[in-house]
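Enquirer: only geometry, no sequence info:
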């Protein structure tokens, strides 16, 4: 009964027969990620803010009247003035405001790229984990088939008097161990698929069967961090933004030129005249210079942050490359040397057991050693793929 429940649950993991590739998984994650969606919205908001940056203030319409209404019986005896005033920014304030806003957009663009790179790395690593667990499950399935075959052979040999009761017990015990390991493997597979489904924003039943080449590893690795990395580009844009803020602070000292024009009517003379006006604040206290100096200091700080970020990324890249190369070499050793030898040992042991040269324990040991090496090979490939998922972020600024 327990085995039936276990098999039903295992089949339930692959409820959907639809195949899912890595590229499809990445696109699903991009589509459904709330974090990436939030970053894109911030980017759009920065773009809309940039559209309004540097625009002149609206003109002001002013009306002033005297002697209108009250004891006066004639509206024409009053005096009034109507004028339209426009403030004109001086010192390049509009240009500097646009520069600040444009650099803010670049900061937001690179922040979005950072979020996307991190998301893609997570998906690649989670996909490799689930794919590896699928492969390990396949190995456990083969072990179970062999274990059941061993039990059947042991029973036949025991019935024919060619095997002892101990051999029969050993075969049953080996099968139970395989079933226990398979159950643990089932839990690992389910957990890995749940994590992947969460990253993709889909239900576990929608995940389907993962399709990919776990046994193919990357050959080329970057040796230096590319300047197009979005973290470096974001800090570069932040520095440019702060320097634009410094230029804007300096231009604030220039104030605004206000120009006005209008019509004034004087009742005493019955004359209507055209009037103009102009005003500009006196730049006595140079507050903008102090703010500019502070902004330039902040810009130097951001520049130092970018250099530190470059060093941190390079150190991370070096460690990741080392992991990729080490695990790739380990996987190659399993593939080219250890697994062929283990397979050869199992075949020879099986033939020797059939003719009575080797014992049942030796046959079981050879079979278990082969399965163990296959799983260790898969685990080495998994670590290499997970490191490669992180390594992908350092190749270029794009996926």
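Expert: All right, it came through fine. Quick caveat, the model's predicted, so the values are computed rather than measured. Numbering: from 1, shown residues only.

Enquirer: which other residues reach stretch 151-160?
Expert: With C-beta atoms under 8 Å, 6 or more residues apart in numbering as the contact definition, stretch 151-160 has outside contacts at 163, 164, 165, 167, 168, 170, 171, 172, 175, 360. Any C-beta I mention is one placed from the backbone N, CA and C, and that applies to glycine too.

Enquirer: can you list the low-confidence ranges for the chain?
Expert: 1-17, 67-78, 162-163, 184-185, 267-268, 283-286, 395-399 (pLDDT under 70).

Enquirer: remind me, longest helix of it?
Expert: Across the chain, the longest stretch assigned as helix under DSSP state H is helix 93-159.

Enquirer: okay, helices next: where are they in the chain?
Expert: Along the chain, the stretches classed as helices by DSSP H are 2-13, 22-32, 34-52, 93-159, 165-200, 204-207, 230-252, 287-333, 339-354, 360-391.

Enquirer: contacts only, for residue 45.
Expert: With contact set as C-beta under 8 Å, 6+ apart, residue 45 has these partners: residue 108.

Enquirer: give the contact list for the nearest residue to residue 321 once chain neighbours are set aside.
Expert: Residue nearest to residue 321 in three dimensions, not counting chain neighbours: residue 221, with 5.0 Å by C-beta to C-beta, 6 or more residues apart in numbering. Listed by C-beta under 8 Å, 6+ apart, the contact partners of residue 221 are 321, 324, 325, 391.

Enquirer: any idea how far residue 22 is from the residue nearest to the second one when sequence neighbours are not counted?
Expert: Nearest residue to residue 324 in three dimensions, chain neighbours excluded: residue 387, at 4.6 Å (C-beta to C-beta, 6+ apart). To residue 22, residue 387 is 16 Å away according to C-beta to C-beta, to the nearest Å.

Enquirer: also residue 90?
Expert: In this view, residue 90 and residue 22 are 57 Å apart by C-beta to C-beta.

Enquirer: picking that back up, in a markdown table: the helices of the chain, plus distance to residue 260.
Expert: Output for the helices of the chain, formatted as a markdown table (distance: least, C-beta to C-beta, whole Å):
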| stretch | distance to residue 260 |
| --- | --- |
| helix 2-13 | 77 |
| helix 22-32 | 54 |
| helix 34-52 | 25 |
| helix 93-159 | 20 |
| helix 165-200 | 61 |
| helix 204-207 | 67 |
| helix 230-252 | 22 |
| helix 287-333 | 25 |
| helix 339-354 | 89 |
| helix 360-391 | 63 |
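
Enquirer: of all the ones you listed, which one comes closest to residue 259?
Expert: When those are compared for distance to residue 259 using C-beta to C-beta, the nearest one is helix 93-159, at 15.6 Å.

Enquirer: excluding covalently adjacent residues, which one is nearest to residue 377?
Expert: Distances taken as C-beta to C-beta, 6+ apart put residue 334 closest to residue 377, at 3.8 Å, once the chain neighbours are dropped.

Enquirer: tell me if I'm right that the one you found and residue 372 touch.
Expert: No - judged on C-beta atoms under 8 Å, residue 334 makes no contact with residue 372 at a distance of 10.9 Å.

Enquirer: more neighbours: which of these two?
Expert: Neighbours were counted for residue 334 and for residue 372 using other C-beta atoms under 10 Å; residue 334 has more, 19 against 13.

Enquirer: quick one: that one from residue 370, how far?
Expert: Distance, residue 334 to residue 370, by C-beta to C-beta: 11 Å.

Enquirer: check residue 38 too.
Expert: Residue 38 sits at a distance of 49 Å from residue 370 (criterion: C-beta to C-beta).

Enquirer: between these two, which one's more packed in?
Expert: residue 370 (24 against 12).

Enquirer: can you name the residues that contact the more buried one?
Expert: 339, 342, 343, 345, 346.

Enquirer: now swap in residue 30 and tell me
Expert: When contacts are taken as C-beta under 8 Å, 6+ apart, residue 30 is in contact with 36, 116, 119, 120.

Enquirer: 10 Å instead?
Expert: Taking C-beta atoms under 10 Å, 6 or more residues apart in numbering as the contact definition, residue 30 lies against 36, 37, 40, 116, 119, 120, 123, 200, 201, 399.

Enquirer: okay then, goodbye and thanks.
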